[in-house]
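Student: Return atomic coordinates for the entry below.
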Amino acid sequence: MKRRAFITLLGGAAAWPIAARAQQPTMPVIGFLGTASPQLLGGELLRGFKRGLAETGYVENENVAIEYRWAEDRYDRLAALAAELVQRRVRVIAAPGSPAALPAKAATSVIPIVFMIASDPVKLGLVASLNRPGGNLTGVAYLNDEIAPKRLQLLHQLIPAAQSVGFLINPANPSAAAAQTKEMQDAADTTGLQLTVINASTAAELDSAFDTLVRDKVEALQIAPDPFFGSSVDQLVRLAARHKLPTIYPWREFTAAGGLMNYGASIPDALRQVGAYTGQILKGASPADLPVQRPVKLLFALNLNTAKELGLEIPPTLLALADEVIE
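Tutor: Residues are numbered from 1 along each chain as shown. As a prediction, the model looks like this:
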């Protein structure tokens, strides 16, 4: 072999790995728009999301990257954080929580968005219908607003003599808070109960809210489904215990932490569905054709230790309804 040809061959061989690496496809990037922090509900939400991704073959830092943006319970930051993810040109945006879904929708009509919300996504204008979303959004609607009357009914079964019930909402999430309040007011009117709606958007306001409830002699309390309340599990449970206020919560994590009872969908499982849809979209599915998912099962859990501390006797009919009894 001639010397010049040999040198050319060596040069080509040395350059080949660099060229091959340059031709390899880049790792897809997911944008995760979080309303609170990674510790929300003990980190179960993020773990659920990653389980769903894994079901479709995606593992973070192996074949997919995730850009996280956390609002740390400051919902007014979500619009700017959504804009950052759009500028980053992520392939999909996961936006769990109605406070995140609406700013994400406003930020882009092109990048697919997978939401998880407690309200009706059709009424919020996120999708055209549950079966055929029709745009760049789809996701999971666990419709906690719709089951608020059932929570009130369970609370009334436990404390039938109670005439005054409080309802804690987060005014920083106005669209959801309005829908939740309407559902609760209608249910209270039907049951013949007096409803006291109380607002809280910060830890300090939670303390003040419970002081107000006690001052107004409210006899029981229902917590609205909101990401901020999900990141305040320990504080809410502690306040309810301190003021001896029987309380029903939207998620099991409250009851496991010492809350009296809960009724609602599994939020970690809903996030698993968000992760699975995100993975399907990365594989080429269109959000317009992916039906909005609904919860398969709603969980009713009771904490007997907390009931005993409150001096409450659980009726046998209510015990029979419970999917889980914590002792």
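
Student: which residues in the stretch 151-300 of the chain form strands?
Tutor: Using DSSP state E, counting those that start in this stretch, the strands of the stretch 151-300 of the chain run over residues 164-169, 194-199, 220-223, 247-249, 261-265, 298-303.

Student: Mean pLDDT and mean neighbour count for the ones you listed - can I get that in CSV?
Tutor: (C-beta placed from N, C-alpha, C; glycine too.) Output for those, formatted as CSV (pLDDT from 0 to 100; neighbours: other Cβ atoms under 10 Å):
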stretch, mean pLDDT, mean neighbour count
strand 164-169, 97, 23
strand 194-199, 96, 16
strand 220-223, 97, 24
strand 247-249, 98, 27
strand 261-265, 94, 26
strand 298-303, 95, 21
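
Student: looking at those, which is closest to I30?
Tutor: strand 261-265 (23.1 Å; Cβ to Cβ).

Student: May I have the strands that pair with that closest one, each with its orientation?
Tutor: Strand 261-265 has the following strand partners under DSSP bridges: strand 247-249 (parallel), strand 298-303 (antiparallel).

Student: And the last one, how far out from the chain middle?
Tutor: A distance of 18 Å separates the C-alpha centroid of strand 298-303 from that of its chain, computed with Cα atoms, centre = their mean, to the nearest Å.

Student: what does it rub up against?
Tutor: 147, 154, 252, 255-256, 258-266, 314, 318-319, 321-326 (Cβ atoms under 8 Å, 6 or more residues apart in numbering).

Student: Leaving out the residues flanking it, which one is nearest to L321?
Tutor: Excluding the flanking residues, the one nearest L321 by Cβ to Cβ, 6 or more residues apart in numbering is F300, at 5.9 Å.

Student: Look up the residues forming beta bridges with the one you found.
Tutor: F300 has these beta-bridge partners by DSSP bridges: Y263.

Student: Pull up the gap between it and L260, please.
Tutor: 12 Å (Cβ to Cβ, to the nearest Å).

Student: Quick one, which of the contacts of strand 298-303 are buried?
Tutor: Taking 16 or more other Cβ atoms under 10 Å as the criterion, what is buried in those is 147, 154, 252, 255-256, 258-266, 314, 318, 322, 326.

Student: Next, give phi and psi for I326.
Tutor: Per-residue torsions, I326: phi -100, psi 130 (degrees, to the nearest 10).

Student: Need the pLDDT of it.
Tutor: On the pLDDT scale, I326 is placed at 95.

Student: Quick check: it touching L304?
Tutor: Yes - shown here, I326 and L304 form a contact pair, counting by Cβ atoms under 8 Å, at 6.7 Å.

Student: And the strands paired with strand 261-265: which comes nearest A240?
Tutor: Among the strands paired with strand 261-265, strand 247-249 comes nearest to A240, with 4.3 Å by Cβ to Cβ.

Student: chain center to the closest one, what's the gap?
Tutor: 17 Å.

Student: cool, and stretch 233-245?
Tutor: 22 Å.

Student: Need the contact partners of that stretch.
Tutor: 41-42, 166, 203, 206-207, 210, 213-214, 218, 220-221, 223, 229, 246-247, 249, 253-254, 257-260, 306, 309-310.

Student: what comes up buried for it?
Tutor: Going by 16+ other Cβ under 10 Å, stretch 233-245 has these buried residues: V233, L236, V237, R238, L239, A240, A241, L245.
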